[in-house]
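[1] how does the following fold in three dimensions:
(one chain, ligands or ions: 1)
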Amino acid sequence: VIDCECGEMLQAANDEDLAKVVAAHFERDHPGESLSEDGLAELIARRAYDATDS
Ligand SMILES: [Zn+2]
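    Got it, this is the predicted structure:
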């Protein structure tokens, strides 16, 4: 799970899917921001967390 800086919560079953979800979200909602594959991986490494407690 990643909370995007825009406030949107993005979640997926694993980091691989999460990367796709985040990339799709950026294309749709942040078209002005280009996110490289490295930037995407870094974003996930830094901000992703497991939403196990609910
Ligand atoms: Zn966003």
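[2] counting contacts, what elements does the biggest helix by length in the chain pack onto?
    Ranked by residue count under DSSP state H, the longest helix found in the chain is helix 15-29. Applying 3 or more C-beta pairs under 8 Å, 6 or more residues apart in numbering; DSSP states H and E, one finds that helix 15-29 makes contact with strand 9-10, helix 37-47. In short, each C-beta sits where N, CA and C put it, glycine included.
[3] hey, least reliable of those by pLDDT?
    When the helices and strands packed on helix 15-29 are compared by mean pLDDT, helix 37-47 comes last with a mean of 89.
[4] tilt between it and helix 15-29?
    Interaxial angle of helix 37-47 relative to helix 15-29 (axes from the mean of the first three to the mean of the last three C-alpha atoms, to 10 degrees): 110 degrees.
[5] hang on, the earlier thing: now the longest helix of the chain: how far from the chain's centre is it?
    5 Å (C-alpha atoms, centre = their mean, to the nearest Å).
[6] now do it: everything it contacts.
    1-2, 4, 6, 8, 10-12, 33, 35, 40-41, 43-44, 48 (C-beta atoms under 8 Å, 6 or more residues apart in numbering).
[7] can you rerun that using 10 Å?
    Contacts of helix 15-29 with the rest of the structure, by C-beta atoms under 10 Å, 6 or more residues apart in numbering, involve 1-2, 4, 6, 8, 10-13, 30, 32-35, 37, 39-41, 43-45, 47-48.
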